[in-house]
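Visitor: Sequence first, then the predicted structure, then my questions.
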Amino acid sequence: MSGPQQITILGATGSIGLSTLDVVARHPALYQVFALTGYSRLDELLALCIRHTPQYAVVPDQVVARKLQDDLAAAGLDTRVLVGEGGLCEVAADPRVDAVMAAIVGAAGLRPTLAAVEAGKKVLLANKEALVMSGALFMQAVRQNGAVLLPIDSEHNAIFQCLPGDFARGLGAVGVRRIMLTASGGPFRETPLEQLQNVTPEQACAHPVWSMGRKISVDSATMMNKGLELIEACWLFDARPDQVEVVIHPQSVIHSLVDYVDGSVLAQLGNPDMRTPIANALAWPARVDSGVAPLDLFRIGQLDFQAPDEERFPCLRLARQAAEAGGSAPAMLNAANEVAVAAFLDGRIRYLEIAGIIEEVLDHEPVTAVEGLEAVFAADAKARLLAGQWLERHGR
Ligand code: NAD
Ligand code: MG
């Protein structure tokens, strides 16, 4: 390939987006920013455009677009501003683009991420919700279009690194017995159960190890994040839910493990910093410096492991049930969770009600097959409606 790779970053203003830009900026000869997208914090998007001079920026609406276009012109840049989901899909699929970082949070990332997949790009997948919602269709689109799908979630990136290159032949065929997903256990791993009733969004977002966006921080506190990751692992590695075990490992130094039939267990370790999986996927199969400090095992001293407690973390049980049910269940689980987490972050519901809402939505609706993307969006919309009705019924 001649010249630096052209990179589109969907969700550039977020936690993963900023970490990606940090890695990209370390290697100007290898990577160049083609497009940056943002949904809020648009002053930051302007600052990022000034620093990284992309050819395109994408924002949610025309009013914001006009302002950003003027500000860019005043800064002497000829970055073109595009709008909305159409703009996101355009910069994801542009023929000049080599790799797309899919780092929009939630269902909003599905269409743009799929646009990158359908254009046969190298797709760096942080937006796990997109894959959880549309699993079979998403993986089919990857195969049909020759896209290269590289996991950014630290656990899945670890598993990817611990599997042989030909793992697509099937886990059994390459001698894998089990995948072990590690989880920090979040901020409430040891909080007395009776105190969980009163925890605040600020407490839920104060993750002991990782610094992340607010939605995934709440998901980590409830362990819905690990539930979504379990579903994500099943699709990425063609595993059955019962082949994926969750292990609480509070230090978050081991990012996940693969257990082989001969008793070998391979793990990937590193400091908990998303720039490692991002650099790994960007440069794959080569390696580049990520800016992450070397692991200091003497300072860490000790690694601990525990089994997860489903009474404390009912979301993990709900996600496993949705993984086993298949069909529309994961899309409904994800959508109900998005509504419940947004309501919790807004102070409208209590922490323990998050799982209650999701369970009620899933119990209400029979699982149906999802033949196409319309069925995925219909399941998503139905779950949002039911979760919204729960909020209304309870006066929130
Ligand atoms: P974040 O909230 O910090 O950033 C989200 C990004 O998405 C922002 O750029 C925001 O502008 C954009 N966005 C939000 N709503 C949008 C919409 N409706 N349309 C278009 N753009 C929209 O989130 P994050 O922590 O960076 O997480 C991003 C994704 O990566 C999530 O799916 C998350 O699960 C996944 N992930 C994050 C981490 C982490 O360490 N932060 C780790 C693993 C996976
Ligand atoms: Mg993760």
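Guide: Received, thanks. All figures in this text were calculated on a predicted structure; none of them were measured in a lab. Ligands and ions are numbered 1, 2, ... in the order given.
Visitor: Around ligand 1, which positions in the stretch 101-250 of the chain sit nearby?
Guide: For the stretch 101-250 of the chain, the contact set with ligand 1 under CB under 6 Å from any ligand atom comprises 103-105, 108, 126-129, 153, 210, 212-213, 215-216. Every C-beta, even on glycine, is put in place using the N, C-alpha and C of the backbone.
Visitor: I'd like the distance between residue 339 and ligand 2.
Guide: Distance of residue 339 to ligand 2, given as CB to the ion, to the nearest Å: 22 Å.
Visitor: Over to that residue: give its phi and psi.
Guide: When read as degrees, to the nearest 10, the backbone of residue 339 gives phi -70, psi -40.
Visitor: Could you do residue 255 as well?
Guide: Torsion angles, degrees, to the nearest 10, at residue 255: phi -90, psi -10.
Visitor: Same question for the one 10 residues further on.
Guide: Residue 265 has phi and psi values of phi -120, psi 120 when expressed as degrees, to the nearest 10.
Visitor: so it touches residue 258, yeah?
Guide: Yes - the pair residue 265 / residue 258 is scored as a contact, 7.0 Å apart, by CB atoms under 8 Å.
Visitor: what is in contact with the two at once?
Guide: Common contacts of residue 265 and residue 258 (CB atoms under 8 Å, 6 or more residues apart in numbering): residue 180.
Visitor: Those two - which one has more neighbours?
Guide: residue 258 (26 against 12; other CB atoms under 10 Å).
Visitor: low-scoring stretches of the stretch 151-300 of the chain, by residue?
Guide: Of all residues in the stretch 151-300 of the chain, none has pLDDT under 70.
Visitor: which residues touch the residue in the chain that ligand 2 sits nearest to?
Guide: Closest residue of the chain to ligand 2, CB to the ion: residue 153 (4.1 Å). Neighbouring residues of residue 153 by CB under 8 Å, 6+ apart: 125, 126, 128, 229, 232, 277.
Visitor: Which one of those is nearest to ligand 1?
Guide: residue 126 (3.4 Å; CB to the nearest ligand atom).
Visitor: where does that closest one land on pLDDT?
Guide: pLDDT, residue 126: 98.
Visitor: From ligand 1, how far out is the closest residue to residue 59 other than its chain neighbours?
Guide: The shortest distance from residue 59 to any non-neighbouring residue, by CB to CB, 6 or more residues apart in numbering, is to residue 65 (5.2 Å). For residue 65, the distance to ligand 1 equals 13 Å [CB to the nearest ligand atom, to the nearest Å].
Visitor: what's the answer for residue 247, then?
Guide: If you measure residue 247 against ligand 1 using CB to the nearest ligand atom, the figure is 17 Å.
Visitor: same deal with residue 185?
Guide: Distance, residue 185 to ligand 1, using CB to the nearest ligand atom: 16 Å.
Visitor: who's the spatially closest residue to that residue that is not a sequence neighbour bridged to?
Guide: In this structure, residue 185 finds its nearest non-sequential neighbour in residue 248, 4.4 Å apart by CB to CB, 6+ apart. Beta-bridge partners for residue 248, by DSSP bridges, are residue 183, residue 306.
Visitor: Tell me which residue of the stretch 151-300 of the chain lies closest to ligand 1.
Guide: residue 213 (2.5 Å).
Visitor: What of the stretch 1-150 of the chain?
Guide: In the stretch 1-150 of the chain, the residue that lies nearest ligand 1 is residue 14 (1.9 Å; CB to the nearest ligand atom).
Visitor: neighbours around that residue, how many?
Guide: Neighbours around residue 14, by other CB under 10 Å: 25.
Visitor: quick one: it and residue 215 touch, right?
Guide: No - checked against CB under 8 Å, the pair residue 14 and residue 215 is beyond contact range at 9.8 Å.
Visitor: which neighbours do those two share?
Guide: Common neighbours of residue 14 and residue 215 are listed as residue 105 (criterion: CB under 8 Å, 6+ apart).
Visitor: so residue 360, which of the three states?
Guide: What DSSP: H, G, I helix; E, B strand; the rest coil gives for residue 360 is helix.
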